[in-house]
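J.: show me the folded form of this:
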Amino acid sequence: MENKLKKVEEREITIAILNSSFKMWMDILDVDVVIVGGGPSGLTASKYLAEKGVKVIVLERHLSFGGGIWGGGMGFPYITVQEPAHEILKDFNVKLENVGKGLYVANSVEVAAKLGCGAIDAGARILTGIVVEDVILKENRVCGVVINSYSIEKAGLHIDPLTIDAKYVVDATGHEASVSNILAMKNKELKLEIPGERSLWAEKGENSLLRNTREIFPGLYVCGMAANATHGGYRMGAVFGGMFLSGKKVANLILEDLKEK
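T.: Purely as a prediction, here's the structure:
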């Protein structure tokens, strides 16, 4: 016997989507943490924050999260991760192949998919197609973000944005460090210098990444490649150990600060 889907009217589909969307938006207009960028460090941070009960959202400008993970190394669908960062991928149930000397290989598509699912399962919300075009700056502290649709930005339309209040904002935008650069460029009296990343040197880049993962201005943290870009660190290529550890570190820093307040 052929199974038939329940009859549904077009209007019911639209109502269901709009009701759910407005309910979601009303719930996220005031959160604990906004993570800008749904790459490896941002997704890692969101999982470790959300599983501790922190209200966290990830804003990703593209329609897919994962940042540069999907393409692996030059389109070959594998990335590498070194000890002890491989333990973080185990937290996300990613399959790993030990290739010796403390280095592991993982399928890039599996990593990206499981990072997103792990973050969502922990309680984080991921919004795609959203661009952060400014921050909210009050009394010498970043306390939220100014958002718009990425499609509106791409079209070059002059349409005013909306805002989300947050106790903390995390710049996880990768090589561009776009949130940090926006703060520096729009508020020159703050005298923030964002030198940008240096050329590739995997060992140096990985070792400096954790040192550079920190609060760079009250309410604004940096992690992942944005951390190296804000401090003039080296890029690393298709090795992601530092990225995952950076995401976990920024989560721990925020958790410690929340505990003190």
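J.: contacts, neighbours, all on C-alpha from now
T.: Noted.
J.: so the residue most central in space within the chain: helix, strand or coil?
T.: For the chain, the residue lying nearest the average C-alpha position, counting by C-alpha atoms, centre = their mean, turns out to be residue 42 (2.7 Å). When the structure is split into helix, strand and coil by DSSP: H, G, I helix; E, B strand; the rest coil, residue 42 lands in helix.
J.: contacting residues for it?
T.: 35, 36, 58, 170, 172, 223, 224, 247 (C-alpha atoms under 8 Å, 6 or more residues apart in numbering).
J.: pLDDT weak spots in the stretch 51-200 of the chain?
T.: Judged against pLDDT under 70, the stretch 51-200 of the chain has no low-scoring part.
J.: make TSV out of the contacts of residue 42 and add distance to residue 17.
T.: Formatted as TSV, these follow (distance: C-alpha to C-alpha, whole Å):
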residue	distance to residue 17
35	25
36	25
58	20
170	29
172	29
223	34
224	34
247	32
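J.: so what's the residue count around residue 59?
T.: Other residues near residue 59 come to 24 when the count uses other C-alpha atoms under 10 Å.
J.: ok, what's across the strand from it?
T.: With DSSP bridges as the criterion, the beta-bridge partners of residue 59 are residue 36, residue 127.
J.: how much space between it and residue 126?
T.: 6 Å (C-alpha to C-alpha, to the nearest Å).
J.: surely residue 82 and residue 99 touch.
T.: No: between residue 82 and residue 99 there is no contact under C-alpha atoms under 8 Å: 10.0 Å.
J.: ok, the two, which is more surrounded?
T.: Ranked by neighbour count (other C-alpha under 10 Å), residue 82 and residue 99 place residue 82 first, with 18 against 10.
J.: over to the nearest residue to the more buried one once chain neighbours are set aside: give its phi and psi.
T.: Once its chain neighbours are removed from consideration, residue 82 has its nearest residue in residue 103; the separation is 4.4 Å (C-alpha to C-alpha, 6 or more residues apart in numbering). Dihedral angles of residue 103 (phi, psi; degrees, to the nearest 10) stand at phi -110, psi 140.
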